[in-house]
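Asks: got a sequence here, can you build the structure:
(2 chains)
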Amino acid sequence: MFKVSQKDQKTKARTGMIHAAHGEVHTPVFLPIGTKGAIKAIAAEELKFWGAEMILANTYHLWQRPGDALIAKAGGLHGFMNWKGAIFTDSGGFQVFSLGKVVKITDAGVRFRSEVDGSLRELTPELSVQIQANLGSDIALVLDEFPGFPATKKQAEQSVARTTQWAKRALAEHQRLGKNQQLWGIVQGSTYADLRRQSAEEIGELGFEGYCIGGVAVGEPAEEMYKAIEYAQPYLEEEKPKHLLGVGTPEQIVQAVGLGCDSFDCVIPTREARHGKFYVNLKPQDGDGYTTINIDNEKFKEDFAPVDDTCNCYGCLNYTKAYIRHLFASQEPLGIRLATMHNLRFYLNLMQRIRDMIENGSFAKFLKKYRSVA
RNA sequence: GGGCAGGUGGCAGAGUGGUCAAUUGCACCUGACUGUAAAUCAGGCGCCCUUGCGGCUACGGGGGUUCGAAUCCCUCCCUGCCCA
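Replies: As a prediction, this is how the structure comes out:
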């Protein structure tokens, strides 16, 4: 169930609450990604302490290892990984896209070559729902399929048609299982206005508890992504939550909130952290926005100031850039951990700010000035 | 004192007459990363020049052979191992 609490007057932004089986989620929300049932380098309790309310885990990877049967035995993914909040599971649809040539896609489903034992496995819309039921996530997604960018009209049409067919099958299987779990549909349609609309209408008619806008952030310019949201958003029930899959940079998230998106998930804060990139707020005199730094840059060798002196993360409160740079240069795992903590807090703090500003009416102004500075 | 091996770019270590400014690894510098096959990947890494099938200086020092040498010869210096 989803309830809108405050609508912004000048944009489509709104705050709201997703009532999930394992907790309430304040939106707009960012979901840290824990593909294999772990936010890389971070413990579940830490995330909870920082205010994260929902995380994303991946059906495909957990199916492969350790297997959904084992996780069901452990009492579900929540118990298995000791995460006390809500869990959102991707259906494996993204792997159809990202694993590219090692898969064969038919109307029936997707054939994968297992990375674990090399065996051939087939993921179908029904099986994906069954696996997610075993994982026990709060929000499950339908299996979808989508092309990269650019996509021909024909490819986009096929993606929309197949995603709708698979959504129907997933929904039927979900109803058959009758679990206390939400199932959300996914809108495709690439960069085509008519196809985005058609997909939104087809998926919307099926009556899911929430919707995802998918097939974005696949290499298209940000403007194309914003347009894709605008093409679909008006045709999805307003009182249902809308998730923008796989997005994005802080700037893109702010923009998408303004276009009516309620939730986001992205590997950027965690992956880039492992690669030494830190998100840093601009100094007040430089305007409202952020920049990024590569901590391994030589210029930080003797920089004994914290990464961001306005940040309340553990690393910024206790360590200097020079030290963290040294940790990366020395391949000390602590460096990765501090970076991941920092970036996740940057994202979570940003979302808190967004919610506050929607509540107090200052979001539109913020949206206008918030920017990324190279 | 005698025997043997060897001295190549920050380090390690290829190359043994031309296509070598010199394979490769490490280190170093820079960049990328968007529903995570990612603690990964890409580029750079003698000097000059915006550039180029560009110029210059280079493979311990010096000299020589050759159209041409990191590669062959002579000599000097140095290092390691073995026998006295």
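Asks: and the strands in the stretch 251-374 of chain A?
Replies: Remark: strands of the stretch 251-374 of chain A, listed N- to C-terminal, are A:263-265, A:277-281, A:289-294, A:371-372; assignment by DSSP state E, counting those that start in this stretch.
Asks: and if you look at the stretch 51-200 of chain A?
Replies: Taking DSSP E, counting those that start in this stretch to define them, one finds strands in the stretch 51-200 of chain A at A:54-58, A:86-90, A:104-105, A:110-113, A:120-123, A:139-141, A:182-187.
Asks: okay, the ones you listed in a markdown table with mean neighbour count, distance to RNA strand B and mean pLDDT next?
Replies: Heads up, the C-betas are built off the backbone N, CA and C, glycines and all. Below are the strands of the stretch 51-200 of chain A laid out as a markdown table (neighbours: other C-beta atoms under 10 Å; distance: least, C-beta to the nearest atom of the strand, whole Å; pLDDT from 0 to 100):
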| stretch | mean neighbour count | distance to RNA strand B | mean pLDDT |
| --- | --- | --- | --- |
| strand A:54-58 | 25 | 4 | 98 |
| strand A:86-90 | 26 | 3 | 98 |
| strand A:104-105 | 12 | 13 | 90 |
| strand A:110-113 | 19 | 7 | 89 |
| strand A:120-123 | 15 | 12 | 90 |
| strand A:139-141 | 28 | 5 | 98 |
| strand A:182-187 | 27 | 5 | 98 |
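Asks: including distance to residue A:220, could these go into JSON lines?
Replies: Converted to JSON lines, those look like this (distance: least, C-beta to C-beta, whole Å):
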{"stretch": "strand A:54-58", "distance to residue A:220": "22"}
{"stretch": "strand A:86-90", "distance to residue A:220": "20"}
{"stretch": "strand A:104-105", "distance to residue A:220": "21"}
{"stretch": "strand A:110-113", "distance to residue A:220": "23"}
{"stretch": "strand A:120-123", "distance to residue A:220": "26"}
{"stretch": "strand A:139-141", "distance to residue A:220": "21"}
{"stretch": "strand A:182-187", "distance to residue A:220": "15"}
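Asks: which of the strands of the stretch 251-374 of chain A is buried the deepest?
Replies: For the strands of the stretch 251-374 of chain A, ranked by mean neighbour count under the definition mean count of other C-beta atoms under 10 Å, the leader is strand A:263-265 at a mean of 24.
Asks: quick one: list the elements packing against that strand.
Replies: Under the contact criterion of 3 or more C-beta pairs under 8 Å, 6 or more residues apart in numbering; DSSP states H and E, strand A:263-265 touches strand A:29-31, strand A:242-244.
Asks: same list (those strands) but as CSV, adding distance to RNA strand B, mean neighbour count and mean pLDDT.
Replies: Output for the helices and strands packed on strand A:263-265, formatted as CSV (distance: least, C-beta to the nearest atom of the strand, whole Å; neighbours: other C-beta atoms under 10 Å; pLDDT from 0 to 100):
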stretch, distance to RNA strand B, mean neighbour count, mean pLDDT
strand A:29-31, 9, 26, 98
strand A:242-244, 9, 27, 98
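Asks: related to what we said a few turns ago, and the strands of the stretch 251-374 of chain A as JSON lines, adding mean pLDDT and distance to residue A:192?
Replies: Output for the strands of the stretch 251-374 of chain A, formatted as JSON lines (pLDDT from 0 to 100; distance: least, C-beta to C-beta, whole Å):
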{"stretch": "strand A:263-265", "mean pLDDT": "98", "distance to residue A:192": "23"}
{"stretch": "strand A:277-281", "mean pLDDT": "98", "distance to residue A:192": "33"}
{"stretch": "strand A:289-294", "mean pLDDT": "97", "distance to residue A:192": "32"}
{"stretch": "strand A:371-372", "mean pLDDT": "96", "distance to residue A:192": "28"}
